[in-house]
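1. sharing a sequence plus its predicted fold:
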Amino acid sequence: MQKPNINENPNFYSNQTYSNYCIIYKAYKNIPECLTIPFEKNGIIRTRNFLLANLIWKLLKFERMSDLISKLNDYQRYNHFPSTWQLGRKDNLWKNFFRMKSLFVKEFNFMPLTYIFPEDKNKFHKNYDKEKMYIIKPVASSRGRGIRLLGKLKNIPERCLISEYISNPLIINNKKFDLRLYVVITSYNPLKIYLYDEGLVRFASEDYELIDKDEDLQTLENDEGINIDVDDEENINNNIKNVEINAKKKF
């Protein structure tokens, strides 16, 4: 889009710098500085006017998103598809996974049995096995907040998600780990998916062992990890012993 005149223009925010040709974005609600600063540094300016924006930024409730997207012009892009929380929220993810599992039993067998409270409360108590371990997670949280093992049944929150705990996870050098792949979906019809050629491998800082019930799993599962980014499997095995290692793994 060609450079607009934003001096004393009520459609734009003040004190913005931009190049001769720029991208204009409209943000609903407040967005974090980790986005606004790179935007401003690269001449991407913010407007109050929906019709002037190339990029619409912010996730809204489904009703508002659907209405908004139906009004997009050819020159406008939105940073979310409607209903992305069908996969982004833990409770919705399980509901959709279970629905697919009923259709494709063999293919959808990679998640432990899960219960959503309060809907599955009676079902959980009926199937509860005191010899098994269970993990409790908030249905709409992130970064490991509120995750813990289930101890006494009376300590189950009114609203949560409970899964059978995987007590024999895949480990490397006695360390739990997870893999993060970065994917962008630009279209669903036709389906277009782009996979970034680098990913993140995170290792726990302590050897894995079963822990006592009711222990907070936030440090075990999330925050106390070692981020390692290397070129081959041999380096992973060598560098996992050095907690200061940080690198990236190409796929």
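-> Ah, there it is.
2. the helices in the stretch 1-150 of the chain, which residues?
-> Along the stretch 1-150 of the chain, counting by DSSP state H, counting those that start in this stretch, helices occupy 33-41, 62-70, 85-88, 90-103, 121-127.
3. got the ones you listed as TSV, with mean neighbour count, mean pLDDT and distance to residue 157 columns?
-> The C-beta positions use only the backbone N, C-alpha and C, and glycine is treated the same way. TSV is the format used below for these (neighbours: other Cβ atoms under 10 Å; pLDDT from 0 to 100; distance: least, Cβ to Cβ, whole Å):
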stretch	mean neighbour count	mean pLDDT	distance to residue 157
helix 33-41	13	84	31
helix 62-70	13	73	25
helix 85-88	13	84	20
helix 90-103	15	94	13
helix 121-127	12	95	11
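4. give the residue spans of the stretch 151-251 of the chain that score low on pLDDT.
-> 210-251 (pLDDT under 70).
5. how many neighbours does residue 77 have?
-> 14 (other Cβ atoms under 10 Å).
6. so how far is the first residue of stretch 186-205 from its last?
-> One end of stretch 186-205 to the other measures 36 Å (Cα to Cα, to the nearest Å).
7. on that earlier part again, would CSV of the helices of the stretch 1-150 of the chain with distance to residue 26 be doable?
-> Shown next, in CSV, are the helices of the stretch 1-150 of the chain (distance: least, Cβ to Cβ, whole Å):
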stretch, distance to residue 26
helix 33-41, 12
helix 62-70, 10
helix 85-88, 21
helix 90-103, 27
helix 121-127, 43
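8. thought residue 28 was touching residue 53, still the case?
-> No - using Cβ atoms under 8 Å, residue 53 is not in contact with residue 28; the gap is 10.8 Å.
9. of these two, which one has the most company?
-> The neighbour comparison of residue 53 against residue 28 (other Cβ under 10 Å) goes to residue 53, with 25 against 14.
10. quick one, what contacts the more buried one?
-> 24, 25, 26, 47, 76 (Cβ atoms under 8 Å, 6 or more residues apart in numbering).
11. in the residues you listed, find the pair that's most separated.
-> Pairwise distances across the contacts of residue 53 (Cβ to Cβ) peak at 11.7 Å, for the pair 47 and 76.
12. what about residue 116, how many neighbours?
-> Counted with other Cβ under 10 Å, residues neighbouring residue 116 total 20.
13. pretty sure it contacts residue 140?
-> No - if you go by Cβ under 8 Å, residue 116 and residue 140 don't touch, sitting 11.6 Å apart.
14. mind listing the strands for the stretch 101-250 of the chain?
-> 114-117, 134-137, 148-149, 160-164, 177-180, 183-188, 191-195, 198-204, 225-228, 249-250 (DSSP state E, counting those that start in this stretch).
15. now those as CSV including distance to residue 72?
-> Below are these laid out as CSV (distance: least, Cβ to Cβ, whole Å):
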stretch, distance to residue 72
strand 114-117, 34
strand 134-137, 35
strand 148-149, 43
strand 160-164, 34
strand 177-180, 30
strand 183-188, 13
strand 191-195, 17
strand 198-204, 31
strand 225-228, 37
strand 249-250, 35
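16. re the thing from before, overlap in contacts of residue 116 and residue 140?
-> residue 91.
17. circling back to that earlier point, in strands, which of the contacts of residue 53 fall?
-> In strands, defined here by DSSP state E, the members of the contacts of residue 53 are 24, 25, 26.
18. what's the closest of those to residue 208?
-> residue 25 (43.7 Å).
19. touching, that closest one and residue 44? I think so.
-> Yes - Residue 25 is within contact range of residue 44, at 5.9 Å (criterion: Cβ under 8 Å).
20. who touches both of the two?
-> Common neighbours of residue 25 and residue 44 (Cβ under 8 Å, 6+ apart) are residue 55.
21. quick one, which of the two is more surrounded?
-> Legend: neighbour count by other Cβ under 10 Å for residue 25 and residue 44, higher for residue 25 (23 against 20).
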